[in-house]
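**Q** Got a sequence here, can you model it:
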Amino acid sequence: MNFFKSKLFIVLAIVTVIIVAFMILSAAFGFGTGPVSNGLNIITTPVQNGIYGIGKGISSFFEGIGKSGQYKGLYDESQKRVTELEAEVREIDTLKNENDRLRALLDFEEREKDKKLVAAQVAASSPDNWYAEIQLNKGTNSGIRKDNVVYTDNGLVGYVTEVGPTWCKVLTVLDINASVGCVVPRSGDTAVAEGDAELAQNSECSMNYISKDATVIVGDSVETSGLGSIYPAGILIGKISSITPELQGLYNKATIKTSVDFKSLREVVVIVG
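**A** Residues are numbered from 1 along each chain as shown. As a prediction, the model looks like this:
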């Protein structure tokens with residue numbers, strides 16, 4: 001059996017050599033006609049087709065790899081451009097928001113032109129109690145003094161507690177030490193707005209000492225009353241978000257959702273005169 005296999009291998013090798021030699025001679029000298037040529041063509045044609053098919057497949061494979069590399073390059077370039085465009089859109093949105101805030105501040109200053117105001121920006125806030133105290137980028141060089149009231153076009157922020165040449169610190173209405181005389185314009189009922197550490201997390205403060213006879217309701221606006229504090233009357237504090245009747249005692253309590261969003265506070269004005 002081993003001898004037969006070896007003999008068969010030798011025969012196949014000889015036939016292959018003859019076929020390849022004929023293919024070379026045919027290409028070189030044009031042996032393309034005649035019975036022998038036709039017979040050999042019958043044998044060699046499938047071989048040629050097979051070789052051609054294999055070569056074509058290999059060529060297509062490497063061509064596909066080349067195109068795949070091109071497509072990946074185009075994809076990476078497109079992704080890079082998309083990232084750049086997204087960054088440009090974010091920058092445009094930031095500039096637009098800043099422009100809107102500054103325009104609102106200018107309009108507010110125009111409406112409040114009977115007061116002497118100094119515009120300032122929030123430079124820092126307490127890391128632990130972001131709602132309680134903020135620092136502004138203006139101070140005595142701009143005419144700011146201790147106890148000056150700070151607010152925005154949306155409402156009350158607080159008052160100045162410390163001041164330097166180019167900075168000042170502001171105690172906000174959300175601080176637990178804050179106490180502001182307030183009134184509900186609709187009903188005329190008065191109370192005191194006070195800071196509460198738990199409520200402050202949601203930009204809310206407590207409204208205490210509401211008379212049992214008061215007719216305040218959820219949704220009522222609450223403003224500074226101008227009584228018993230450094231704040232002038234008429235500055236919006238916020239709106240009543242909930243009311244808690246006290247079964248014992250002389251007063252009811254409520255919660256005020258401040259009209260100023262302290263988490264996103266950027267620009268303010270200080271009343272200096």
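**Q** Spell out the residue ranges of the strands in the protein.
**A** Ranges of strands within the chain are 117-125, 133-136, 149-151, 156-163, 168-172, 179-183, 190-194, 204-211, 221-224, 236-244, 251-258, 267-271, based on DSSP state E.
**Q** Give the bridge partners for the closest residue to L117 other than its chain neighbours, please.
**A** Distances taken as CB to CB, 6 or more residues apart in numbering put V269 closest to L117, at 4.5 Å, once the chain neighbours are dropped. All C-beta spots, glycine's among them, are computed from the backbone N, C-alpha and C. V269 forms beta bridges with A119, Y151, as assigned by DSSP bridges.
**Q** Next up, the contacts around M207.
**A** By CB atoms under 8 Å, 6 or more residues apart in numbering, the residues touching M207 are C182, A191, V192, A193, E194, V222, I240, K253, A254, T255, I256.
**Q** Reformat those residues as a markdown table; add pLDDT.
**A** Rendered in a markdown table, the data for these read as follows (pLDDT from 0 to 100):
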| residue | pLDDT |
| --- | --- |
| C182 | 97 |
| A191 | 97 |
| V192 | 97 |
| A193 | 97 |
| E194 | 97 |
| V222 | 98 |
| I240 | 98 |
| K253 | 95 |
| A254 | 98 |
| T255 | 98 |
| I256 | 98 |
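**Q** quick one: which of those has the most company?
**A** Compared across the contacts of M207, C182 has the highest neighbour count, 31 neighbours, by other CB atoms under 10 Å.
**Q** State the distance from that one to R145.
**A** With distances taken as CB to CB, to the nearest Å, C182 is found 24 Å from R145.
**Q** count of residues packed around L171?
**A** If you count neighbours by other CB under 10 Å, L171 ends up with 19.
**Q** Surely the residue nearest to L117 touches Q121?
**A** No. Here V269 does not reach Q121: they are 10.7 Å apart, not a contact under CB atoms under 8 Å.
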